[in-house]
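Asks: Need a 3D model of the sequence below.
(2 chains)
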Amino acid sequence: MIPVRQCLKLTPLCSQIRHGSRMFPQLKRGSFNRITDEDVNLFAGIVGQNGIKTEELDHYNTDWLNTVSGFTELVVSPKSVEEVAAVLRHCNGRRLAVVPQGGNTGLVGGSNPVFDEIVLSLERLNNISHIDPYAGIVECEAGVILQNLSDKVGEHGYTVPLDLGARGSCFIGGNLATHAGGLRVVRYGQLRGSVLGMRVVLPDGQILDGRSNMRKDNTGYDIKQLFIGSEGTLGVITDVSLLLPQTPVSVNMALFGCDSFDDVIKCYRLSRQCLGEIVSACEFMDSLCMTSVNDILGLASPLEDSHPFYYLVETSGMNMDHDMEKLETCIEKVFESGCATDGVMATSKDQARHMMSLRENIAPALKAVGFNYKYDVSLPIQHMYSLVEKIRNKMRKTEGAFSVGYGHLGDNNLHLNIITPQYCTQALSLIEPFVYEEVSRLKGSISAEHGMGLKKANYLRYSKDPSMIAMMRSLKDVFDPNGIMNPYKLLPWND
Amino acid sequence: MSGLRVLVGCKRVIDYAVKIRVRPDSLGVVTDGVKHSMNPFDENAIEEAVRMKQKKVVKEIVVASCGPSQSQETIRTALAMGADRGIHVEVPAGTDANLQPLAVAKIFSKLVEKEKPDLVILGKQAIDDDANQTTQLLAGMLDWPQGTMASVVNASDGSLTITREIDGGLEDISVSLPAVISADLRLNEPRYATLPNIMKAKKKKIEKMTPDKLGVDITPRLKILNVVDPPVRQAGDKVPDVTTLVEKLKEKGHL
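Replies: Prediction:
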């Protein structure tokens, strides 16, 4: 076992901003036109002077991880679908490249300009138009912040079927465009299953109105599904209707300490057998993750000793007594079988929140230590941790490097992070393409939930067949013949 | 000094993170289907007793709770944290909201007669009624010294030195045993109930009693007339400069 604390050398918060284009020196700017004063004035005419920004654009140009940055000189923020359409119509006519941007919390450089693309911000489309308390449906605009949406539907006893650490900043439109996963996929399924209707503006300004509140509607091709996960490369999502689950009355959390990943898998299997329908999150993390949040963010572990692995299970149900009974059976079985050596159960909401925060703060804690190489992959469950061990072995001679694994165990989704004090091409060459080759060999996905963005676009072939990629290109040409919509993203530009 | 016996009190209250809603009849708050947990100050009380036991100052911890049948869960949490056995003084559900400090102090006074502990530790106040009275009433009934709002407790031969949190700062006192103390939040960081301990706690004994059996009359002496939400906060006014500020203050009669 690695001497845990020695690996964590606190380096000052480093700004590792690499201009997107310099991260990939062979990436050349597309043959788009450049913005002129006339363009700016025209946009101001459409969205108003308040909707135009030409100064202090770092916040739009740079990603949350401080790993990529572009050079946009203009951010346009429309406040209605008609304004979005007029803006795109002009950009298409003038061949100006556009990056649609939500909360800018993406992790693959997909929501930032690479060169001087115009940033089309959805921040002013933030209206929650209607909540149907009987059907459990909400209609809202794409620029609504997830936390705000959650609070608003919460007033009616409903919850959004999606939850992730970025909830205070991300927009629902961005969640849809990236088909975000998050903590509750294991309970509520993938986001696209909860989308009843959507309105999208195409790159040429055409409005595709697919708004609907029908739970079941088998009338023709379900085109909205193409835009979900398209990462802003096919059009701009402006409105959505979402189906909402009931807010659970009783939420419980248990954290187990395990000696090996095999034990974690056993724990997981037992917990799913005993808890069944009330499971609402199944997460795991390794000991370095726990140490990181302890040391860097001062969040204490509820367990006395440190363990090689931790398994976190959350239950959500409508009856506290029923849920407690199931949980107690689960705990008995887990300890009888010996697959956990210790564990805690939250006895108050505060404790439950603290335990979840240990998992949610891994990414912010690691971000503070150095440069993060992040890999979000789907793997068969029994192989999830072996990838971490292989990478750790490859990086053993790299000074100051350490590797961690954590993630959505219930979705077979591993978050592999390698941290080095500074960005270093030599370290990167040890990791890529090895990680992608391994995942491909195990028939996994090189991007379970983060998407392709800029950083992974060229690796699409590791998870998708050439015929599929060719079809994606054909569809891209159908929707965006001038290629102005979020260029250099999702589809490979150099494979 | 070793081998003290401690009686700790705990109360099942609405979880402090829950949004409280006033009942339609305005005589209380909605408790049905709402998450309940151990009163936070009582967690500090139990934790302190457990730490004293780990230091071998205490040899037995008995935890008691007065309330409806669900109070047993709270007692189990205390047992999982390290208490040795429990006493549940059952009060019918529905009447528990009117179980007031005077009645609780009387009940505990009877429990003290029965258990003969050297020390009683209670939480400073319950977060539902915010009364902060039970410790003081109990000490009076028993004619024992009291150390309330304790943030540090140290035991030495037959007495305790206690640091109390008071308005002016901190006060150090010394009390002889037996004594009653009330735990404040800064006394310690309560431990999580570990799962192996939760399972072991199932085997620990919880004795059942009723106020009747103890010969205590729990009729409330205080009657709740009305419970209302606090007034909605009005948005403030932003003013562009000091002159306007002064004008506005004068307008509203504050200057």
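Asks: Show me what from chain B comes close to chain A.
Replies: Contacts of chain B with chain A, taken as C-beta under 8 Å from any C-beta of the partner chain, map to B:15-18, B:33, B:35, B:37-38, B:40, B:73, B:77, B:192-196, B:198-199. Every C-beta, even on glycine, is put in place using the N, C-alpha and C of the backbone.
Asks: 10 Å instead?
Replies: Contact residues (C-beta under 10 Å from any C-beta of the partner chain) of chain B with chain A: B:15-19, B:33-38, B:40, B:43, B:70, B:73-74, B:76-78, B:80-81, B:189-199, B:202.
Asks: Quick one, which of those are buried?
Replies: Among those, those scoring as buried are B:15, B:18, B:35-38, B:40, B:43, B:73-74, B:76-78, B:80-81, B:190-199 (criterion: 16 or more other C-beta atoms under 10 Å in any protein chain shown).
Asks: So which of these are in helices?
Replies: Among those, the ones falling in helices (DSSP state H) are B:40, B:43, B:73-74, B:76-78, B:80-81, B:195-199.
Asks: Identify, from those residues, the entry nearest to chain A.
Replies: Nearest to chain A, judged by C-beta to the nearest C-beta, of these is B:Leu195 at 3.6 Å.
Asks: so which strand or helix has the closest residue to B:Thr77 other than its chain neighbours?
Replies: The shortest distance from B:Thr77 to any non-neighbouring residue, by C-beta to C-beta, 6 or more residues apart in numbering or on different chains, is to A:Thr347 (5.0 Å). Following DSSP states H and E, there is no helix or strand that holds A:Thr347.
Asks: cool, and A:Leu196?
Replies: Per DSSP H and E: strand A:195-201 holds A:Leu196.
Asks: Convert the C-alpha atoms of the strand or helix carrying B:Thr135 to CSV, please.
Replies: According to DSSP H and E, B:Thr135 maps onto helix B:134-142. The C-alpha trace of helix B:134-142 is given here as CSV (Å, rounded to 0.1, in the frame of the first residue of the first chain):
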residue,chain,number,x,y,z
THR,B,134,-34.2,21.2,33.2
THR,B,135,-30.6,21.1,34.6
GLN,B,136,-31.2,24.0,36.9
LEU,B,137,-34.6,22.6,38.2
LEU,B,138,-33.1,19.2,38.7
ALA,B,139,-30.2,20.5,40.6
GLY,B,140,-32.6,22.4,42.8
MET,B,141,-34.8,19.4,43.5
LEU,B,142,-31.8,17.2,44.4
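Asks: low-confidence ranges in chain A?
Replies: Applying pLDDT under 70 to chain A flags the ranges A:1-22, A:495.
Asks: quick check, distance from stretch A:465-476 to the centre of its chain.
Replies: 23 Å (C-alpha atoms, centre = their mean, to the nearest Å).
Asks: List the contacts of that stretch.
Replies: Contacting residues not belonging to stretch A:465-476 are listed as A:203, A:226, A:230, A:233-234, A:460-461, A:463-464, A:483, A:485, A:490-492, A:495 [C-beta atoms under 10 Å, 6 or more residues apart in numbering or on different chains].
Asks: again with stretch B:90-100
Replies: Residues outside stretch B:90-100 that contact it (C-beta under 10 Å, 6+ apart): B:11-12, B:23, B:27-29, B:31, B:65-72, B:89, B:103-104, B:107, B:128-129, B:131, B:133-134, B:137, B:208-211, B:213, B:218-224.
Asks: mind listing which of those residues are in helices?
Replies: Among the contacts of stretch B:90-100, the members found in helices (DSSP H) are B:Ser71, B:Gln72, B:Ala103, B:Val104, B:Ile107, B:Thr134, B:Leu137, B:Pro211, B:Lys213.
Asks: Quickly list what the nearest residue to A:Thr62 once chain neighbours are set aside is bridged to.
Replies: The shortest distance from A:Thr62 to any non-neighbouring residue, by C-beta to C-beta, 6+ apart, is to A:Ser69 (4.2 Å). Beta-bridge partners for A:Ser69, by DSSP bridges, are A:His19, A:Thr62.
Asks: Look at A:Ser69 and say how many residues are nearby.
Replies: Close neighbours of A:Ser69, defined as other C-beta atoms under 10 Å in any protein chain shown, add up to 23.
Asks: What count of nearby residues applies to A:Gln49?
Replies: Neighbour tally, A:Gln49, other C-beta under 10 Å: 7.
Asks: And it, how close does it get to A:Thr36?
Replies: 18 Å (C-beta to C-beta, to the nearest Å).
Asks: can you map out the strands along the stretch 51-200 of chain B?
Replies: B:58-67, B:85-90, B:119-123, B:146-156, B:159-166, B:169-176, B:179-183 (DSSP state E, counting those that start in this stretch).
Asks: and the fifth one, what does it pack onto?
Replies: Yep, that's strand B:159-166 we're talking about. Packed against strand B:159-166 by the contact rule (3 or more C-beta pairs under 10 Å, 6 or more residues apart in numbering or on different chains; DSSP states H and E) you find strand B:146-156, strand B:169-176, strand B:179-183.
Asks: okay, the angle between the last one and strand B:146-156?
Replies: If you take axes from the mean of the first three to the mean of the last three C-alpha atoms, to 10 degrees, strand B:179-183 sits at 100 degrees to strand B:146-156.
Asks: so how far is strand B:179-183 from its chain's centroid?
Replies: Strand B:179-183 sits 11 Å away from the centroid of its parent chain (C-alpha atoms, centre = their mean).
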